[in-house]
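Visitor: just coords:
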Ligand code: THU
């Protein structure tokens, strides 16, 4: 797992270099490690119509679903300038595909950061049970 996370960190850094961020000039790179061992990168892609911007994390998740269909995410490495936490939309997107223990490595270009479990960043995700009821 450790070697794979290191590899994902390199992929996230490379994806960050490819970010399309002409408006904020804030580059974000992500790399999703799947249980198969595959690594799917994502970067933020901004738009002149600001609301059409997609974050790096959701880009990675969507790319993984588009490529593999059903996915089993094992970890995510995120690279930002100052160890930023994923935004609420991205955390909710993780909750759709990942369990509460899902580790998110909040990193910078200087170093791979420590793992933070999804439950710490999003203690109360919106869930399908809330949508349809479980009884
Ligand atoms: N951004 C991400 O890619 N991920 C996040 O979790 C937060 C924000 C991007 C969106 C936008 O391109 C830039 O960072 C500034 O908000």
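Guide: Okay, I see it. What you see is a predicted model, and the numbers here were worked out from it, not measured in a lab. Numbering: from 1, shown residues only.
Visitor: pull up the residues of this protein that are close to the ligand.
Guide: Within the chain, the residues that sit near the ligand (Cβ under 6 Å from any ligand atom) are 21, 24, 26, 28, 44, 46, 53, 55-57, 86-87, 90. The way it works is simple: take the backbone N, C-alpha and C, and place the C-beta from them, glycine included.
Visitor: which residue would you name as the spatial centre of this structure?
Guide: residue 57 (3.0 Å; Cα atoms, centre = their mean).
Visitor: hmm, back to that, ok, of the residues of the chain next to the ligand, which come out buried?
Guide: Buried by 16 or more other Cβ atoms under 10 Å: 21, 28, 44, 46, 55-57, 86, 90, out of the residues of the chain next to the ligand.
Visitor: show me the strands in this protein, by range?
Guide: Per DSSP state E, the chain carries strands over the ranges 29-34, 39-43, 73-79, 103-107, 115-117.
Visitor: remind me, longest helix of this protein?
Guide: Identified as the longest helix of the chain according to DSSP state H is helix 2-17.
Visitor: mind listing what residue 61 touches?
Guide: 32, 42, 71, 73, 93-94, 97 (Cβ atoms under 8 Å, 6 or more residues apart in numbering).
Visitor: filter the residues you listed down to the buried ones and hand me the PyMOL line.
Guide: Buried members of the contacts of residue 61, defined by 16+ other Cβ under 10 Å, are picked up in PyMOL with:
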select buried, resi 32+42+71+73+93+94
